[in-house]
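Chemist: output the structure for:
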Amino acid sequence: MYKLYILDFDGTVADTNRIITDTMQATLREAGLPARSREACSQTIGLPLAEGFRMLMPLTETQVQACVDIYRRRFAASQKPGVAPLFPGAAEAMRRWHEGGARVSLASSRGHESLMAFVREMQLGRYVSLVLGCEDVARPKPDPCPVLQTLAHFGLDATDALVIGDMHYDILMGRGAGCRTCGVTYGNGTEAELRAAGADIITDSLLSID
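Modeler: Okay, here's the model as predicted:
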């Protein structure tokens, strides 16, 4: 058993794909920009918002900021209880790790307040000891900064931790910090992408992780 489990949130703990991609597509329409498919929007999940919109199409910085502002307004209006269910086994796995004496944390590119709203709604605060959103770190994933900051917070070494996520950005973040990594196959990324990024473990369920 590891001493620390560092989890991504979107696509790893909760199924936020529909609300994220709906909001991205609505943002592009409101901004008067070309439409993008749900699949294309899904591939940006895990990146900071600005990076995600840049990935979708060439944009000026003014357009990027407009998209970020529109997205945040629309997402906040849509973030109601039940809009993003927990994946099966996620809460149970976190409870088991916590009760076994390990620390559990979240490292997400989601804004801190939005992330905390989900944590409160899903009653995950009883298990999660640290929540890092995009504005809580100097450099977001795939940079290892969120993991290194988490390790420093708990006074632990990279060998003590397992980084878990559904996208290759999560795997690159964990590997960059020197941690073992686990890719989950039920989220927004593919098993092939997770393996290509160098995931040490591939799983269909958080319950399979010791």
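Chemist: which stretches in the chain count as strands?
Modeler: Remark: strands assigned in the chain by DSSP state E are 4-7, 103-107, 128-132, 161-165, 180-184, 201-203.
Chemist: in the chain, spot the helix with the most residues.
Modeler: Looking across the chain with DSSP state H, the single longest helix is helix 61-78.
Chemist: mean confidence score for that one?
Modeler: Helix 61-78 shows a mean pLDDT of 97 in the predicted model.
Chemist: next one: stretch 16-26
Modeler: Mean predicted confidence for stretch 16-26 is 98.
Chemist: can you tell me what sits against that stretch?
Modeler: 9-11, 35-36, 38, 41-42, 44-45, 52-53, 56, 71, 74-75, 78-79, 83-84, 187-188 (Cβ atoms under 8 Å, 6 or more residues apart in numbering). Yep, even glycine has a C-beta here, placed from its N, CA and C like the rest.
Chemist: now it: buried residues?
Modeler: 16-17, 19-25 (16 or more other Cβ atoms under 10 Å).
Chemist: grab the nearest non-local neighbour of residue 40.
Modeler: In this structure, residue 40 finds its nearest non-sequential neighbour in residue 56, 6.3 Å apart by Cβ to Cβ, 6 or more residues apart in numbering.
Chemist: doesn't residue 44 make contact with the one you found?
Modeler: Yes - between residue 56 and residue 44 a contact is recorded at 6.5 Å, counting by Cβ atoms under 8 Å.
Chemist: of these two, who's got more company?
Modeler: residue 44 (23 against 19; other Cβ atoms under 10 Å).
Chemist: got the CA coordinates for stretch 4-20 in CSV?
Modeler: What follows is stretch 4-20, C-alpha atoms only, in CSV (Å, rounded to 0.1, in the frame of the first residue of the first chain):
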residue,chain,number,x,y,z
LEU,A,4,-0.1,8.8,-0.7
TYR,A,5,-2.5,8.5,-3.6
ILE,A,6,-2.7,11.6,-5.8
LEU,A,7,-5.7,11.5,-8.1
ASP,A,8,-6.9,13.5,-11.0
PHE,A,9,-10.6,14.4,-10.7
ASP,A,10,-12.3,14.8,-14.1
GLY,A,11,-12.5,11.4,-15.7
THR,A,12,-10.8,9.7,-12.8
VAL,A,13,-13.0,10.3,-9.8
ALA,A,14,-16.1,11.7,-11.4
ASP,A,15,-17.7,11.5,-14.9
THR,A,16,-17.7,15.2,-15.9
ASN,A,17,-17.3,14.5,-19.6
ARG,A,18,-20.9,15.6,-20.6
ILE,A,19,-21.0,18.8,-18.7
ILE,A,20,-17.4,19.8,-19.8
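Chemist: hmm, back to that, show me what the longest helix of the chain is packed up against.
Modeler: helix 17-30, helix 49-56 (3 or more Cβ pairs under 8 Å, 6 or more residues apart in numbering; DSSP states H and E).
Chemist: nearest to residue 118, out of the ones you listed?
Modeler: Nearest to residue 118, of all those, is helix 17-30, at 10.5 Å by Cβ to Cβ.
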